[in-house]
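Visitor: sequence first, then the predicted structure:
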Amino acid sequence: MELSQKERNYEQNHLDKTVEIIRNKISELGQEFYDKEKKIQQFKELIWDSKQDMDPTEMRFMMAESDAEVFRIERKSKYFQTLFRIQEKPYFGKVIFKDNINEEEIYIGITHVEDDLEYYVHDWRSPICSLFYDYEVGPASYISPDGIVTGELSVKRQYKIEEGKLKGIFDTSINIEDDVLQQVLAEDSNGKMKNIVNTIQQEQNKVIRNTEDRTLIVQGIAGSGKTSVALHRIAFLLYKIKNLSSNNILIFSPNKVFSEYISNVLPELGEDNTLQTTFNQFMESNIKEFRHVEEFTKFIERFYKDKTINKELITYKQSNQVITDITNYIENYKKTAYFVEDLETRDFTYTKEELNYFLHERYNHMKFFDIFPTIATKICDTYYNGKKTNHKKIVSELYKRLNYKKDFKEIYINFYYSKYFQDSYPKTLSDYEIQSFINKKDLNYEDACLFIYMKGLLEGFSYQGMIKQIVIDEAQDYSKLQYQVIKNIFPNAGFTILGDVNQTINPYYKYKSLKELEEIFDEDTKYLELTKTYRSSKEIIEYTNQILGLNYVTAIRKENHIPVLFREEKNLKEQLQSDINLLQSKYKSIAIITKTNEEAKKIYELLKETNQDLSLLESNTEKFNRNLIVVPAYTAKGLEFDSVIIYTEKNNSYTAEEKYLYYVACTRCQHQLLVYNQ
């Protein structure tokens, strides 16, 4: 319905007033920071000059006061930066809500703006703003701190604001075809992921605002906004949970490329970026027995590149069965370990029977390799008045008297000689094959996962108490063994786990459903699904459905009627250059996605002289320009592009067993897809 001129004037006046208030606040906060900085410096100088006259209690109190003031300034500084960022676009939506008491006009933006206790903009994360994401015009409710508030939504409105001026006003509903969403979807992709705060959909909002469940497991189809939802959920939790900071949150990303790609979203939402790692980096920091741990992408690449690898053995090492086998093997190791001789010095004597009592009865509730320093501590307490001077030597002497060596490499190798392995794996491995697992400086990815789990069973997992929330993206590429490791290291953390079983790139491991992960976490776990895709055109979705035999995916984008095009390689350089020129005339970002890293390097070398802005993306790439890139499919996970060219060599087309990787490659595309040699 068209707005009257009176309503338009009202909306422009509200915008003008809001912008004025924001600019005044920016000016006031800037002056406050200047004054406070001088006062804090003077305060620190006072403490320094007076430290000789203060007792320790006074000094601690004064320092605490200084630290508290710095903390308050840092919080205001973050708000100042957010205000500066939104001053020309302070809000994006509005609802008018009437309950039993009164009618409220709620403008919604990235952060709140108030003046003399009157709110001109509400933070999108506040409870009342959930009305904007969850309801059409009509009956509605939201959960306030005092309980459920019910009423009527009479207006749901969205705005297009540029440089402090209203460019468009849309009265809208929850319909996913609404004008603002379609405008956003029609925009070309730029270098990094953007926030979606003005177009969050109802099913996405359920994930973002869930605080009732400790663990959320989210299955979302390609293009459903899983990663965006995860990042907006982080911003919501930071707003909602007291004493939660960005340093308490850890994101497990698939690779460094992806970490760089998402790096703008949280700052756009007024929050600091969280801690980030990959599972590979995580293993390297915990496995010191080897120089290097193979990266996940290199592990995948081996499957396509190395014709001699034992795929059956690697499949076993990635399986659920291996968890049971290696757990039972370690339990047996601990049961059959014993001291073979007495510990005797000039100060004391412990018989082997006494030592074995400590090992198997007194301290058997502890992690196995924690028992030895505990015994040494007991000896020091008894014979050396608690002094730890001889502690290290006693531990060493205890290990010398054990029937096993504390050698994790040897313990790992012996697993493959044990009945636990031999009963599960149908083939016999030679000594050479078994020794090859550890007789090198670099540890294969599949062995590293087992090695870190085995170490954890024997000496405990490196507990990380400061981490309160974990986000795992591309969840389908982690085995249950990996989840067991992560859960043991972060036993008190909440988890948000997002993935798509149809985008599995691990050729050795496949979930039927991510719901299987519920058995790993506690009872306070919820499984949700994101079933709408916002990325690709109808034609691309119909084609990618055929790859996996899917039929439940529907397109949200308006139809562009551009068919998927197929090419047979003839004059490759000429053909590719022609297609690049065509796509560059219409789109901003173009990716040539190959199956292997070797193919990516080949295409890069072929085209780099005639395309100055061409980039080659590899697993260790951190900075990149998405205008024109070449990238293997397993590194492109999570990224999206306006247009995509799928390339494989003629004799290396995707096979039936590689269909999930092919699906990942094709679903990176938004508008136009071209396929070579397939």
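Guide: Good, I have the coordinates. Numbers count the residues shown, from 1 in each chain.

Visitor: partners of the strand ranked longest in the chain in the sheet?
Guide: Counting by DSSP state E, the longest strand found in the chain is strand 147-162. The pairing partners recorded for strand 147-162 under DSSP bridges are strand 93-98 (antiparallel), strand 138-144 (antiparallel), strand 165-171 (antiparallel).

Visitor: want to throw those into CSV with distance to Ile541 and mean pLDDT?
Guide: Any C-beta I mention is one placed from the backbone N, CA and C, and that applies to glycine too. Below are the strands paired with strand 147-162 laid out as CSV (distance: least, Cβ to Cβ, whole Å; pLDDT from 0 to 100):
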stretch, distance to Ile541, mean pLDDT
strand 93-98, 28, 95
strand 138-144, 31, 93
strand 165-171, 26, 88
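
Visitor: out of those strands, deepest packed?
Guide: With neighbours taken as mean count of other Cβ atoms under 10 Å, the strands paired with strand 147-162 reach their highest mean count in strand 93-98, at a mean of 20.

Visitor: can you list contacts of it?
Guide: 103-108, 128-129, 131-132, 140, 151-159, 198 (Cβ atoms under 8 Å, 6 or more residues apart in numbering).

Visitor: just the buried subset of those residues, please.
Guide: By neighbour count, with 16 or more other Cβ atoms under 10 Å, the contacts of strand 93-98 hold 106-108, 128-129, 131-132, 140, 151, 153, 156-159, 198 as buried.

Visitor: can you pull the pLDDT of the closest residue to Leu458 other than its chain neighbours?
Guide: Leaving aside its chain neighbours, Leu458 sits nearest to Phe368 (4.9 Å; criterion: Cβ to Cβ, 6 or more residues apart in numbering). Note on Phe368: pLDDT of 95.

Visitor: separation between Phe368 and Asn286?
Guide: Separation of Phe368 from Asn286 (Cβ to Cβ, to the nearest Å) stands at 17 Å.

Visitor: what about these two, which has more around it?
Guide: Taking other Cβ atoms under 10 Å, Phe368 and Asn286 do not tie; Phe368 has more neighbours (20 against 17).

Visitor: strands along the stretch 1-150 of the chain, start to end?
Guide: Assigned strands in the stretch 1-150 of the chain, in chain order: 93-98, 103-109, 113-115, 118-123, 138-144, 147-162 (criterion: DSSP state E, counting those that start in this stretch).

Visitor: dump those strands into CSV; add distance to Lys526 as well.
Guide: Shown next, in CSV, are the strands of the stretch 1-150 of the chain (distance: least, Cβ to Cβ, whole Å):
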stretch, distance to Lys526
strand 93-98, 27
strand 103-109, 26
strand 113-115, 34
strand 118-123, 25
strand 138-144, 16
strand 147-162, 20
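
Visitor: how many neighbours does Leu458 have?
Guide: With other Cβ under 10 Å as criterion, Leu458 counts 17.

Visitor: Thr327 is in contact with that one, correct?
Guide: No: in this structure Leu458 lies outside contact range of Thr327 using Cβ atoms under 8 Å: 11.3 Å.

Visitor: quick check: the closest residue to Gly151 other than its chain neighbours vs Glu105, distance?
Guide: Spatial nearest neighbour of Gly151, excluding adjacent residues (Cβ to Cβ, 6+ apart): Asp99 at 3.6 Å. With distances taken as Cβ to Cβ, Asp99 is found 13 Å from Glu105.

Visitor: tell me the phi and psi of the residue sitting furthest away from the middle of the chain?
Guide: Distance from the C-alpha centroid of the chain, by Cα atoms, centre = their mean, peaks at Arg346 (56.7 Å). Note on Arg346: backbone dihedrals following degrees, to the nearest 10 are phi -70, psi -20.

Visitor: which residues does Glu301 contact?
Guide: With Cβ under 8 Å, 6+ apart, Glu301 has these contacts: Thr596, Asn597, Pro632, Tyr634.

Visitor: was I right about the second one contacting Glu618?
Guide: Yes: taking Cβ under 8 Å as the contact criterion, Asn597 and Glu618 are neighbours in contact, 6.6 Å apart.

Visitor: need the residues touching each of these two.
Guide: Joint contacts of Asn597 and Glu618 (Cβ under 8 Å, 6+ apart) are Pro632.

Visitor: which one of these two has more residues nearby?
Guide: Asn597 (22 against 19).

Visitor: can you tell me, leaving aside adjacent residues, what's nearest to the more buried one?
Guide: Spatially, and ignoring its direct neighbours in sequence, Asn597 is nearest to Pro632 (5.0 Å; Cβ to Cβ, 6+ apart).
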